[in-house]
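> Got a predicted structure plus its sequence, pasted below:
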Amino acid sequence: MDSDNHSQLTMPPPILIKSGTLLSKTPIEAGCEYVIESISLTLASDVRQRLLELGFKEGESLICQRRTPFGGPWIFEIAGTVFSIDSALTSAIHVRKK
């Protein structure tokens with residue numbers, strides 16, 4: 001791909017994930033900081049447990065660094081560690097803007 005074509009690529013709009021107990025929709029923006037309010041209980045228990053082990057816990061701050069193009073994963077930072085999280089999985093992480 002040459003540099004002219006590269007400049008024509010656009011980032012997809014942010015996905016919407018549930019926010020807090022109100023279940024209102026909040027757009028997640030790159031560069032913004034959020035606080036995790038909960039992890040959905042509808043996730044498989046092993047997936048939910050793994051997220052908790054990685055630091056995705058209630059009350060923990062996370063920074064959305066960016067979303068990869070073409071509907072790819074989100075890049076989050078928690079406590080100095082960077083994670084790539086699939087878009088479908090992010091919909092199970094309930095946050096509020098810090």
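Nice, I can see it.

> Which stretches in this protein count as helices?
Using DSSP state H, the helices of the chain run over residues 3-6, 45-54, 87-90.

> Can you mark which positions in the last one are buried?
Along helix 87-90, the positions that meet the burial threshold by neighbour count (16 or more other CB atoms under 10 Å) are 89, 90. No exception for glycine: its C-beta is placed from N, CA and C like everyone else's.

> returning to that earlier point: just tell me which of the helices of the chain ends up closest to residue 64.
Ranking the helices of the chain by proximity to residue 64 (CB to CB) places helix 87-90 first, at 9.2 Å.

> can you tell me the average pLDDT over that closest one?
For helix 87-90, the mean pLDDT works out to 80.

> how distant is that helix from the center of its chain?
In terms of CA atoms, centre = their mean, to the nearest Å, the centre of helix 87-90 is found 7 Å from the chain centre.

> what sits up against that helix?
Helix 87-90 has contacts (CB atoms under 8 Å, 6 or more residues apart in numbering) with 15, 17, 28, 43, 47, 51, 67, 71, 72, 73, 74.
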